[in-house]
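Trainee: based on what follows, work out the 3D shape:
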Amino acid sequence: GFFPDKVKSDLSAPEQRWLRKSVALRLRDLEPAPAWASDPCGTILMVNRGWIQLNQDHLHLFGEELPNNAYHMYFSNQALRKRLLDWEDLACALLVNLQQEALLTEDPQAQQVLDELMQYPGIPEDWAQRGARVPYSSSFKIRLLRDGEEADTFIAINNTVGATPYVRQPRLLVSAIHPMEPARWPAKAALEGLQHPLLY
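Mentor: Take a look at the predicted model:
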(Lines give C-alpha, C1' and ligand atoms only; values in the text may rest on other atoms or scores of the structure.)
Protein backbone atom coordinates (compact mmCIF):
# COMPACT_ATOMS: atom_id res chain seq x y z
CA GLY A 1 0.00 0.00 0.00
CA PHE A 2 3.00 2.32 -0.06
CA PHE A 3 3.91 4.42 -3.07
CA PRO A 4 7.34 3.59 -4.53
CA ASP A 5 10.11 6.05 -3.81
CA LYS A 6 10.71 7.79 -7.13
CA VAL A 7 13.89 9.56 -6.01
CA LYS A 8 16.84 7.31 -6.83
CA SER A 9 19.50 6.95 -4.17
CA ASP A 10 23.22 6.73 -4.85
CA LEU A 11 24.93 3.66 -3.38
CA SER A 12 28.15 5.67 -3.13
CA ALA A 13 26.52 8.36 -0.95
CA PRO A 14 27.96 8.67 2.60
CA GLU A 15 24.62 7.72 4.19
CA GLN A 16 24.72 4.38 2.35
CA ARG A 17 28.04 3.27 3.86
CA TRP A 18 26.49 0.38 5.83
CA LEU A 19 24.60 -0.85 2.80
CA ARG A 20 27.82 -0.71 0.74
CA LYS A 21 29.60 -2.67 3.44
CA SER A 22 26.92 -5.37 3.62
CA VAL A 23 26.84 -5.76 -0.17
CA ALA A 24 30.64 -5.95 -0.30
CA LEU A 25 30.69 -8.66 2.37
CA ARG A 26 28.06 -10.64 0.48
CA LEU A 27 30.03 -10.45 -2.78
CA ARG A 28 33.20 -11.52 -1.00
CA ASP A 29 31.44 -14.47 0.63
CA LEU A 30 30.12 -15.66 -2.73
CA GLU A 31 33.63 -16.11 -4.15
CA PRO A 32 34.81 -17.98 -6.13
CA ALA A 33 31.38 -17.82 -7.83
CA PRO A 34 31.11 -14.77 -10.10
CA ALA A 35 28.82 -12.18 -8.47
CA TRP A 36 27.90 -8.54 -8.90
CA ALA A 37 25.55 -5.90 -7.50
CA SER A 38 23.42 -3.90 -9.91
CA ASP A 39 20.43 -1.61 -10.05
CA PRO A 40 17.16 -2.97 -11.53
CA CYS A 41 18.20 -1.74 -14.99
CA GLY A 42 21.38 -3.82 -14.92
CA THR A 43 23.93 -1.08 -14.20
CA ILE A 44 26.80 -2.88 -12.47
CA LEU A 45 27.77 -1.13 -9.23
CA MET A 46 30.10 -3.59 -7.50
CA VAL A 47 31.74 -6.91 -8.42
CA ASN A 48 33.76 -9.70 -6.87
CA ARG A 49 36.88 -11.46 -8.12
CA GLY A 50 34.85 -14.33 -9.59
CA TRP A 51 33.14 -11.80 -11.88
CA ILE A 52 36.54 -10.46 -12.93
CA GLN A 53 37.67 -14.01 -13.75
CA LEU A 54 34.50 -14.70 -15.75
CA ASN A 55 34.89 -11.56 -17.85
CA GLN A 56 38.68 -11.38 -18.00
CA ASP A 57 39.00 -11.66 -21.80
CA HIS A 58 36.79 -8.58 -22.39
CA LEU A 59 37.22 -6.77 -19.08
CA HIS A 60 38.81 -3.73 -20.73
CA LEU A 61 35.67 -3.13 -22.82
CA PHE A 62 33.32 -2.37 -19.91
CA GLY A 63 32.64 1.34 -19.77
CA GLU A 64 34.23 1.79 -23.21
CA GLU A 65 32.91 -0.24 -26.15
CA LEU A 66 30.68 -2.31 -23.85
CA PRO A 67 28.17 -0.68 -21.48
CA ASN A 68 28.78 -1.33 -17.81
CA ASN A 69 25.55 -3.28 -17.64
CA ALA A 70 24.67 -6.89 -16.80
CA TYR A 71 22.08 -7.16 -19.58
CA HIS A 72 24.64 -6.07 -22.15
CA MET A 73 27.09 -8.55 -20.61
CA TYR A 74 24.71 -11.34 -21.67
CA PHE A 75 23.69 -9.80 -25.00
CA SER A 76 26.96 -8.56 -26.53
CA ASN A 77 29.16 -10.75 -28.72
CA GLN A 78 32.05 -8.83 -27.19
CA ALA A 79 31.11 -10.27 -23.81
CA LEU A 80 29.43 -13.57 -22.78
CA ARG A 81 27.05 -14.07 -25.69
CA LYS A 82 29.72 -15.74 -27.83
CA ARG A 83 30.09 -18.41 -25.14
CA LEU A 84 26.44 -18.86 -24.18
CA LEU A 85 24.56 -21.93 -25.34
CA ASP A 86 20.76 -21.58 -25.69
CA TRP A 87 21.27 -17.82 -25.90
CA GLU A 88 17.94 -17.07 -27.60
CA ASP A 89 15.86 -18.52 -24.76
CA LEU A 90 17.87 -16.60 -22.17
CA ALA A 91 17.66 -13.37 -24.19
CA CYS A 92 13.87 -13.65 -24.52
CA ALA A 93 13.46 -14.25 -20.77
CA LEU A 94 15.72 -11.32 -19.88
CA LEU A 95 13.87 -9.01 -22.28
CA VAL A 96 10.53 -9.91 -20.71
CA ASN A 97 11.99 -9.32 -17.26
CA LEU A 98 13.30 -5.88 -18.23
CA GLN A 99 10.05 -5.00 -20.01
CA GLN A 100 8.17 -5.76 -16.78
CA GLU A 101 10.53 -3.42 -14.93
CA ALA A 102 9.84 -0.65 -17.46
CA LEU A 103 6.07 -1.16 -17.28
CA LEU A 104 5.85 -1.44 -13.48
CA THR A 105 8.07 1.51 -12.64
CA GLU A 106 7.78 3.71 -15.74
CA ASP A 107 11.54 4.17 -15.35
CA PRO A 108 12.95 5.79 -18.52
CA GLN A 109 16.31 4.14 -17.86
CA ALA A 110 14.72 0.68 -18.02
CA GLN A 111 13.03 1.58 -21.31
CA GLN A 112 16.31 2.93 -22.67
CA VAL A 113 18.20 -0.28 -21.84
CA LEU A 114 15.37 -2.33 -23.35
CA ASP A 115 15.57 -0.29 -26.56
CA GLU A 116 19.35 -0.79 -26.66
CA LEU A 117 19.02 -4.56 -26.24
CA MET A 118 16.49 -4.74 -29.06
CA GLN A 119 19.18 -3.43 -31.43
CA TYR A 120 21.30 -6.56 -31.04
CA PRO A 121 21.14 -8.98 -33.98
CA GLY A 122 19.37 -12.28 -33.57
CA ILE A 123 16.49 -11.22 -31.30
CA PRO A 124 13.57 -13.53 -32.19
CA GLU A 125 10.53 -11.71 -33.57
CA ASP A 126 8.29 -13.50 -31.07
CA TRP A 127 10.59 -12.73 -28.12
CA ALA A 128 7.74 -11.62 -25.82
CA GLN A 129 5.69 -14.80 -26.32
CA ARG A 130 8.78 -16.98 -26.23
CA GLY A 131 10.17 -15.25 -23.15
CA ALA A 132 6.89 -15.73 -21.30
CA ARG A 133 7.21 -19.50 -21.81
CA VAL A 134 10.79 -19.75 -20.53
CA PRO A 135 10.95 -20.80 -16.87
CA TYR A 136 12.55 -17.63 -15.45
CA SER A 137 12.30 -16.44 -11.89
CA SER A 138 14.96 -15.47 -9.39
CA SER A 139 17.11 -18.33 -10.69
CA PHE A 140 17.79 -19.89 -14.06
CA LYS A 141 20.32 -22.18 -15.74
CA ILE A 142 22.98 -21.02 -18.19
CA ARG A 143 25.60 -22.99 -20.11
CA LEU A 144 28.91 -21.39 -21.04
CA LEU A 145 31.48 -22.78 -23.44
CA ARG A 146 34.91 -23.12 -21.92
CA ASP A 147 37.55 -24.21 -24.45
CA GLY A 148 36.51 -25.80 -27.70
CA GLU A 149 33.17 -27.60 -27.39
CA GLU A 150 33.26 -28.22 -23.64
CA ALA A 151 30.55 -26.40 -21.65
CA ASP A 152 30.13 -25.50 -17.99
CA THR A 153 26.65 -25.32 -16.44
CA PHE A 154 25.81 -22.59 -13.95
CA ILE A 155 22.79 -21.69 -11.86
CA ALA A 156 22.24 -17.93 -11.96
CA ILE A 157 20.56 -16.53 -8.85
CA ASN A 158 19.28 -12.97 -8.41
CA ASN A 159 18.51 -11.69 -4.92
CA THR A 160 16.97 -8.34 -4.05
CA VAL A 161 18.63 -6.34 -1.28
CA GLY A 162 16.19 -5.22 1.41
CA ALA A 163 12.78 -6.36 2.59
CA THR A 164 10.79 -3.96 0.40
CA PRO A 165 12.66 -3.87 -2.93
CA TYR A 166 9.86 -2.12 -4.83
CA VAL A 167 9.47 0.68 -2.27
CA ARG A 168 12.79 1.64 -0.72
CA GLN A 169 15.79 3.15 -2.47
CA PRO A 170 18.34 2.21 -3.53
CA ARG A 171 16.82 -0.86 -5.18
CA LEU A 172 19.62 -3.34 -5.64
CA LEU A 173 20.14 -6.84 -6.96
CA VAL A 174 22.96 -9.15 -5.99
CA SER A 175 23.43 -11.64 -8.81
CA ALA A 176 25.69 -14.69 -8.84
CA ILE A 177 26.28 -17.62 -11.15
CA HIS A 178 27.20 -20.78 -9.28
CA PRO A 179 29.05 -23.54 -11.16
CA MET A 180 27.29 -26.89 -11.02
CA GLU A 181 30.74 -28.52 -10.96
CA PRO A 182 32.80 -26.31 -8.63
CA ALA A 183 35.93 -28.38 -9.22
CA ARG A 184 36.00 -27.10 -12.82
CA TRP A 185 36.01 -23.45 -11.68
CA PRO A 186 39.12 -21.73 -10.23
CA ALA A 187 39.43 -22.00 -6.47
CA LYS A 188 39.08 -18.87 -4.35
CA ALA A 189 42.82 -18.74 -3.70
CA ALA A 190 43.49 -18.64 -7.46
CA LEU A 191 41.52 -15.39 -7.76
CA GLU A 192 43.77 -13.44 -5.38
CA GLY A 193 45.38 -10.47 -7.06
CA LEU A 194 42.58 -9.84 -9.58
CA GLN A 195 41.69 -6.14 -9.59
CA HIS A 196 38.98 -3.93 -11.06
CA PRO A 197 37.69 -0.42 -10.24
CA LEU A 198 34.33 -1.91 -9.15
CA LEU A 199 35.85 -4.64 -6.99
CA TYR A 200 34.26 -4.61 -3.53
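
Trainee: what about the strands in this structure?
Mentor: Assigned strands in the chain, in chain order: 35-38, 44-47, 84-85, 139-145, 151-161, 172-179 (criterion: DSSP state E).

Trainee: winner for burial among those?
Mentor: Of the strands of the chain, the one with the most neighbours on average (mean count of other CB atoms under 10 Å) is strand 35-38, at a mean of 26. Yep, even glycine has a C-beta here, placed from its N, CA and C like the rest.

Trainee: and it, which strands flank it?
Mentor: Strands that pair with strand 35-38, judged by DSSP bridges, come out as strand 44-47 (antiparallel), strand 172-179 (antiparallel).

Trainee: of these, which is nearest W36?
Mentor: With CB to CB as the measure, strand 44-47 is the member of the strands paired with strand 35-38 nearest W36 (4.5 Å).

Trainee: state the mean pLDDT of that closest one.
Mentor: The pLDDT scores in strand 44-47 average 96.

Trainee: with stretch 141-154 instead?
Mentor: Regarding stretch 141-154, the rounded mean pLDDT is 88.

Trainee: got TSV for the strands of the chain, with distance to N77 too?
Mentor: TSV is the format used below for the strands of the chain (distance: least, CB to CB, whole Å):
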stretch	distance to N77
strand 35-38	20
strand 44-47	18
strand 84-85	10
strand 139-145	13
strand 151-161	18
strand 172-179	19
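
Trainee: okay, now the unreliable bits of this protein?
Mentor: Where the chain drops to pLDDT under 70, the residues are 1-9, 135-137, 162-169.

Trainee: tell me the centre residue of this protein?
Mentor: Nearest residue to the geometric centre of the chain (CA atoms, centre = their mean): A70, 3.8 Å.

Trainee: out of the strands of the chain, flag the one nearest L11.
Mentor: So among the strands of the chain, strand 44-47 is nearest, using CB to CB, at 5.4 Å.

Trainee: check the offset of stretch 148-158 from the chain's centre.
Mentor: For stretch 148-158, the separation from the chain centroid amounts to 14 Å (computed by CA atoms, centre = their mean, to the nearest Å).

Trainee: typed the wrong thing, it's stretch 91-105
Mentor: Distance, stretch centre to chain centre, for stretch 91-105: 14 Å (CA atoms, centre = their mean).

Trainee: residues in contact with it?
Mentor: Contacts with stretch 91-105, where a contact means CB atoms under 8 Å, 6 or more residues apart in numbering, come from 4, 40-42, 71, 74-75, 107, 110-111, 113-114, 117-118, 120, 122-124, 127-128, 130-132, 134, 136, 140, 166.

Trainee: what do you get for stretch 50-58?
Mentor: 30-36, 59, 62, 66, 73, 78-80, 176-177, 186, 191, 194-196, 199.

Trainee: sorry, back to before: if any of the contacts of stretch 91-105 are buried, give me the ChimeraX selection for them.
Mentor: Entered in ChimeraX, the line below selects the buried ones among the contacts of stretch 91-105, by 16 or more other CB atoms under 10 Å:
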select :4,40,41,42,71,74,75,107,110,111,113,114,117,127,130,131,134,136,140
